[in-house]
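Visitor: Turn this into a structure:
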Amino acid sequence: MANIYPKLILDALRNVRYPGTGKDIVEMGMVSDDIHINGMKVNLSILFEKPNDPFIKSVVKAAETAILTYADPNIEIKGNIEAKTVQAAPAQPAKLLPQVKNIIAVSSGKGGVGKSTVSVNLAVALAKKGYRVGLLDADIFGPSLPKMLGEEEARPYLEPVDGKELIVPVEKYGVKMLSIGFFVNKNDAIVWRGSMAGNALKQLIGDANWGELDYFLIDFPPGTSDIHLTLVQTLAITGAVVVSTPQQVALADARKGINMFTNDKVNVPILGLIENMAWFTPAELPDNKYYIFGKDGAKNLAEEMNVPLLGQIPIVQSICEGGDNGVPVALNENTITGMAFDHLADNFIASVDKRNAELAPTQKVDVQNK
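Guide: Numbering: from 1, shown residues only. Reported below is the predicted structural model:
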């Protein structure tokens, strides 16, 4: 009786080529390491990337024939080769923005809740505290940040950096900012397919000289779309904040937005929920609160979904005026809204720090293992 050993089996299987590749199944790593031999009985597994691979049956049959032909015709192999499906390792997002410490998605389940207003004022509030801040307007079809920062006429230019021409972000109030609105006529509608919008965003991210940043805020378009998937697949996002009003219809969409980020395909942690338009306070009656969209709706949703409530921003006339005039209300922390955004920035920083602290042990293990 011949001695049967794993190398004999592997050498036989080198005669089996996967159709269309010209490579044998051993070279391609398709033969599992766990070859079990008991006397003349051999059990092994052949690995396929897809469960519906059209060549499964033919490759298994060819493997059986090869072992009997090139190893030993007395080997018991028929029915002992198992075809297994292996999940290919997901492609890692490209390492863009290596000088950016934290990449934050600012999102909302629906339009009209003041997400861009929150993005601008949060960015300004962070810059006022001495942090290096970048802001990307990812709402390709409705860019509003140029107007909100008073830079509608700005036209970013290119500068050479390490032999490559990079876009120089517009800087205002200590915030570096880019928007597709800088590159199109402000009165023209942008009629692009999703792939064109995604490519434009990738250029604004990867072909811009953002430099070193503590926080890079991305003002996402409202809702859930392929642009959201493009961004989370392109960038290693630290976490997301979701903006909503207390109104029930807005909260329903905010819940969907939170679910989008936390599902298995996206897997971006929620740093917190921001309740915008929490109440109305007239300038002449600063102590009065009128809950015109309902009371504590986002606060209750945060408790229900076990995410932090980062802040409640009231409605005052100055918010609208500031957005229209390009002077964000966060510039003046002595006003009601200025204080609200200053408080929001503090809670936001704490939430990001907490997230990074949770990641730190894992990162240390990874470094040690490399």
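Visitor: Next secondary structure after the host helix or strand of Asn300?
Guide: Under the criterion of DSSP states H and E, Asn300 resides in helix 297-304. For helix 297-304, the following helix or strand on the C-terminal side (DSSP H and E) is strand 309-315.
Visitor: Report the rounded mean pLDDT for that next one.
Guide: For strand 309-315, mean pLDDT is 91.
Visitor: what lines up beside that strand in the sheet?
Guide: Here strand 309-315 has these sheet partners by DSSP bridges: strand 270-280 (parallel).
Visitor: Just the buried positions in the partner strand, please.
Guide: Along strand 270-280, these residues count as buried under the neighbour rule (16 or more other CB atoms under 10 Å): 270-279. Glycine gets a C-beta too; all of them are placed from N, C-alpha and C.
Visitor: Out of these, which is nearest to Gln203?
Guide: Among these, Leu271 lies closest to Gln203 (CB to CB), at 26.6 Å.
Visitor: Nearest residue to the closest one in space, ignoring adjacent ones along the chain?
Guide: Gly239 (3.9 Å; CB to CB, 6 or more residues apart in numbering).
Visitor: Over to Asp214?
Guide: Tyr131 (4.3 Å).
Visitor: For that neighbour, give me its contacts.
Guide: Each residue near Tyr131 by CB atoms under 8 Å, 6 or more residues apart in numbering is listed here: 214-215, 349.
Visitor: one step back: OK, contacts around the residue nearest to Leu271?
Guide: Residues in contact with Gly239 (CB under 8 Å, 6+ apart) are 104-105, 268-271, 351-352, 355.
Visitor: try 6 Å this time
Guide: 269, 271, 355 (CB atoms under 6 Å, 6 or more residues apart in numbering).
Visitor: what's across from it in the sheet?
Guide: Ile104.
Visitor: How much space separates the residue nearest to Asp214 from Pro269?
Guide: Distance of Tyr131 to Pro269, computed by CB to CB, to the nearest Å: 20 Å.
Visitor: residues in contact with the helix holding Asn300?
Guide: With contact meaning CB under 6 Å, 6+ apart, helix 297-304 is reached by 244, 246, 251, 273, 275, 309.
Visitor: quick revisit: most neighbours, which of the contacts of Tyr131?
Guide: Tyr215 (24 neighbours; other CB atoms under 10 Å).
Visitor: and the helix or strand containing that residue, how far out from the chain's middle?
Guide: Tyr215 belongs to strand 213-219 when assigned by DSSP H and E. Mean-position distance between strand 213-219 and its chain equals 13 Å (CA atoms, centre = their mean, to the nearest Å).
Visitor: which other helices and strands contact it?
Guide: The contact analysis (3 or more CB pairs under 6 Å, 6 or more residues apart in numbering; DSSP states H and E) places strand 213-219 against strand 100-108, helix 115-128, strand 133-137.
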